[in-house]
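Trainee: Okay, here's the prediction I keep looking at, along with the sequence it came from:
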Amino acid sequence: MTSDIPLKDRYYEDFSVGDSFTLGSVEMVEEEMIAFATQFDPQRFHIDPEAAAQTIYGGLIASGWHTGSLMMRLSADDFLGENCLGAAGASELAWPAPARAGDILTLRIEVLSMRESNSRPNLGFLELTNELVNQNGEVVIRVVPTMLIAKKQVAD
């Protein structure tokens, strides 16, 4: 039964359109938010709580790239195993709500579509919805990637 196979051990054939998974969570920590943004996205609403209070956000918010990095980490920890061979791209990237210090973000993944590779018989494509959702049910980042997933070995 497919549901008995750990996600990280699944091959392309072990997924179905409509499968959904709620995976790990992470807490947003102000010091980490500021450190990430200072290095990679030094906008005032990401690095300076006082200046952020004067913006439309009314306070410090995490860089969207920080939330994307956390999403990737949770996905790598709980979803992407040796059968994942990377991504072909993403058709959507959105930050519907800001992430703030103290938020608990949980990863949700849903399989939107599947197709087999025409040029590589050992490969399939999974189009997924990846969302980090805060404790209030608000989506703080949504990404729709197409992942390359190995197929089970077929005897010649």
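Mentor: Okay, I see it. Numbers count the residues shown, from 1 in each chain.
Trainee: Quick one: mean pLDDT for the longest helix along the chain?
Mentor: Counting residues, the longest helix found in the chain (DSSP state H) is helix 64-78. Average pLDDT, helix 64-78: 97.
Trainee: Quick check: buried residues in that helix?
Mentor: Going by neighbour count (16 or more other Cβ atoms under 10 Å), the buried part of helix 64-78 is 64, 66-68, 70-71, 74-75, 78. Glycine gets a C-beta too; all of them are placed from N, C-alpha and C.
Trainee: between these, which is nearest H46?
Mentor: Relative to H46, the closest of those is H66; by Cβ to Cβ it sits at 8.0 Å.
Trainee: And the longest helix of the chain, how far out from the chain middle?
Mentor: 5 Å (Cα atoms, centre = their mean, to the nearest Å).
Trainee: Skip ahead from it and say which helix or strand is next.
Mentor: Going down the chain from helix 64-78, the next helix or strand is strand 84-94, by DSSP states H and E.
Trainee: got the CA positions of that following strand in PDB?
Mentor: Once non-C-alpha atoms are left out, strand 84-94 reads as follows in PDB (Å, rounded to 0.1, in the frame of the first residue of the first chain):
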ATOM      1  CA  CYS A  84      14.000  13.200  -6.300                       C
ATOM      2  CA  LEU A  85      16.300  14.300  -9.100                       C
ATOM      3  CA  GLY A  86      15.700  18.100  -8.800                       C
ATOM      4  CA  ALA A  87      13.200  20.500 -10.200                       C
ATOM      5  CA  ALA A  88      12.400  21.600 -13.800                       C
ATOM      6  CA  GLY A  89      11.100  25.000 -12.600                       C
ATOM      7  CA  ALA A  90       8.200  26.600 -10.900                       C
ATOM      8  CA  SER A  91       5.000  28.000 -12.400                       C
ATOM      9  CA  GLU A  92       4.000  30.000  -9.300                       C
ATOM     10  CA  LEU A  93       5.700  31.900  -6.500                       C
ATOM     11  CA  ALA A  94       3.600  34.000  -4.100                       C
END
